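Colleague: For reference, the sequence and a predicted model appear below.
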Amino acid sequence: MDEVIPIHTLIHEIRGCKVIIDSDLAALYQVETKVLNQAVKRNIGRFPLDFMFQLTEDEWQTLRSQIVTSKIDEKRGGRRVAPYAFTEHGILMLSSVLKSDTAIDVNIKIMRVFIQMRQYVLSQTGTNEQIMELRKLLLLYIENNDKRVEDILQALNRFIANPPVSKPIGFRVNRED
């Protein structure tokens, strides 16, 4: 590979799954996106929905707004269809479909990144308990402050309904001209 692409930056969370989109995988494998997708379609039985799925137009627009998309297809006017997203298992299955040395090497690197991510998550002991404690504190804070805000609103409403009568300020001068 000429350019080193940090794999972890290509992993996105879509539909609750960690995925890499087809064009990013194609760049890693040094093949055209069209070639990667054709290989998958020839072997579609190996890619159930929990291995690979096509993004909806909304998902694709959201993802495009979050990342800087490449202009590889600029000469043809860009993508005509939403990309496919590959889960970890779908990427692993790609190794049986794309058999080049580059594809094998890249797949090993991608699997190692997924393993590192999983190990990191598992090493975060106590995180759920901390989140639950913060949630309880937030709810308590909201409950206490809601009462205060309600008291303030009631006082303002009373003030608006019965404004105090103000006395004129200043001196009254009686002029007898």
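Modeller: Sure thing, it's come through. These numbers were taken from a predicted model, which means no experiment stands behind them.

Colleague: so where's the chain shaky on pLDDT?
Modeller: Counting by pLDDT under 70, the chain contains low-confidence ranges at 1-5, 67-78, 125-127, 149, 164, 166-173, 175-177.

Colleague: Let's see that with 50 instead.
Modeller: Across the chain, residues meeting the criterion (pLDDT under 50) sit at 1-2, 70-75.

Colleague: residue boundaries of the strands in it?
Modeller: 12-14, 17-21, 52-54, 84-87 (DSSP state E).

Colleague: How far does the second one sit from its chain's centre?
Modeller: Centroid separation between strand 17-21 and its chain, computed with C-alpha atoms, centre = their mean, to the nearest Å, is 11 Å.

Colleague: and it, which strands flank it?
Modeller: Strand 17-21 has these partner strands in its sheet, going by DSSP bridges: strand 12-14 (antiparallel), strand 84-87 (antiparallel).

Colleague: go on, the third one?
Modeller: Each strand that pairs with strand 52-54, with its direction, by DSSP bridges: strand 84-87 (antiparallel).

Colleague: who touches the partner strand?
Modeller: 12, 14, 17-22, 25, 37, 40, 50-55, 94 (C-beta atoms under 8 Å, 6 or more residues apart in numbering). Just so you know, the C-beta spots here come from the backbone N, C-alpha and C atoms, and that holds for glycine as well.

Colleague: Kind regards, and thank you for your time.
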